[in-house]
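Peer 1: Requesting a structural model of the entry that follows:
(one chain, ligands or ions: 2)
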Amino acid sequence: MTTISASVLGADLMNLGAELRRAEQLGVTWLHLDQMDGHFVPNISFGPDFVAAMRKATGLFLDVHLMLSHPLRYIDAYADAGADLIVVHAEAEDDPQEALRAIAARGIKAGICIKPGTQPEAIRPLLPLCDLVLVMTVEPGFGGQSLMEDCVAKLPMLREMIAGTGRDILLEVDGGVKQGNAQRVIDAGADVLVIGTGLFRAKDPQAVVDAVMAGGAA
Ligand code: DX5
Ligand code: ZN
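Peer 2: Ligands and ions are numbered 1, 2, ... in the order given. Below is the predicted model:
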């Protein structure tokens with residue numbers, strides 16, 4: 001079954017409590033929390049205190065996406081905040097191996113993310129340290145962009161690379177996923193779909209969730 005990770009960036013930030021309840025009632029099981037530093041990406045979003053507030057408010061699985069140049073400096077803060085999964089970028093300035101090890105050392109699931117310009121081959125050596133691979137299907141930094149189809153083409157290759165490790169590694173996709181393209185992304189090999197505006201701003205969010213979970217998103 002496909003998991004939806006609801007991206008809080010797409011929610012009504014003035015009514016976050018209500019938005020959280022709405023996600024829970026829709027049957028969503030993961031929350032995607034984008035952390036941006038204004039350096040790795042040209043935008044600034046939330047920080048560890050925000051994640052801690054989410055942790056207090058919900059039992060949903062907290063999927064924390066670090067779009068930070070120096071993730072190593074903040075892993076303990078996000079672990080203390082209650083993240084269930086911390087994802088770092090392969091393109092960050094800090095050594096991704098070191099970051100993945102630091103996350104695992106805190107007993108948290110560790111993920112590696114690739115931007116549209118990074119090829120799957122670049123992360124092959126990191127797979128033994130990963131519980132999840134996150135494929136960006138937009139340039140990271142902003143919600144509400146259109147999915148880049150050529151990034152979806154990376155999924156079958158990654159599925160094969162993952163199978164080769166013999167490890168149970170989830171494949172997650174982030175950026176521009178909507179009801180109309182979700183099935184294509186699932187068919188290409190995704191286990192987890194990040195959906196922000198395509199969920200929180202959809203006319204019928206329940207239809208989005210039901211379609212994705214039933215595997216009939218098209
Ligand atoms: C973009 C973020 C995404 C974003 C997705 O940099 O990583 O998680 O919230 O938003 P949508 O689903 O609106 O493209
Ligand atoms: Zn994200």
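Peer 1: and residue 23, how many neighbours?
Peer 2: The tally of other residues near residue 23 (other C-beta atoms under 10 Å) stands at 24. C-beta here means a position set from N, CA and C on the backbone, and glycine is covered the same way.
Peer 1: Give the full set of residues in contact with it.
Peer 2: Shown in contact with residue 23 (C-beta atoms under 8 Å, 6 or more residues apart in numbering): 6, 11, 31, 60, 199.
Peer 1: and what of residue 213?
Peer 2: Per C-beta under 8 Å, 6+ apart, neighbours of residue 213: 1, 2, 4, 27.
Peer 1: which ones are touching residue 57?
Peer 2: 17, 20.
Peer 1: can you rerun that using 10 Å?
Peer 2: By C-beta atoms under 10 Å, 6 or more residues apart in numbering, the contact list for residue 57 reads 16, 17, 20, 21, 24, 31.
Peer 1: now, which of the residues you listed sits nearest ligand 2?
Peer 2: Nearest to ligand 2, judged by C-beta to the ion, of the contacts of residue 57 is residue 31 at 11.1 Å.
Peer 1: is the closest one in a bridge, and if so with what?
Peer 2: Counting by DSSP bridges, residue 31 forms beta bridges with residue 6, residue 62.
Peer 1: ok so, going back, going through the contacts of residue 23, which ones are buried?
Peer 2: Neighbour-count burial (16 or more other C-beta atoms under 10 Å) is assigned, among these, to 6, 11, 31, 60, 199.
Peer 1: What segments of this structure are strands?
Peer 2: For the chain, strands defined by DSSP state E occupy the ranges 3-7, 30-36, 61-67, 85-89, 109-114, 132-136, 170-174, 192-195.
Peer 1: Can you convert those into JSON lines and add a column each for distance to ligand 1?
Peer 2: Listed next are the strands of the chain as JSON lines, based on distance: least, C-beta to the nearest ligand atom, whole Å:
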{"stretch": "strand 3-7", "distance to ligand 1": "4"}
{"stretch": "strand 30-36", "distance to ligand 1": "5"}
{"stretch": "strand 61-67", "distance to ligand 1": "5"}
{"stretch": "strand 85-89", "distance to ligand 1": "9"}
{"stretch": "strand 109-114", "distance to ligand 1": "8"}
{"stretch": "strand 132-136", "distance to ligand 1": "7"}
{"stretch": "strand 170-174", "distance to ligand 1": "5"}
{"stretch": "strand 192-195", "distance to ligand 1": "5"}
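Peer 1: In this protein, what residue comes closest to ligand 2?
Peer 2: In the chain, the residue that lies nearest ligand 2 is residue 65 (3.8 Å; C-beta to the ion).
Peer 1: so how many other residues sit close to that residue?
Peer 2: Counted with other C-beta under 10 Å, residues neighbouring residue 65 total 27.
Peer 1: Let me see the contact set for it.
Peer 2: Counting by C-beta under 10 Å, 6+ apart, residue 65 has contacts 5, 7, 9, 32-36, 45, 85-89, 111, 113, 134, 136, 140, 172, 174, 194.
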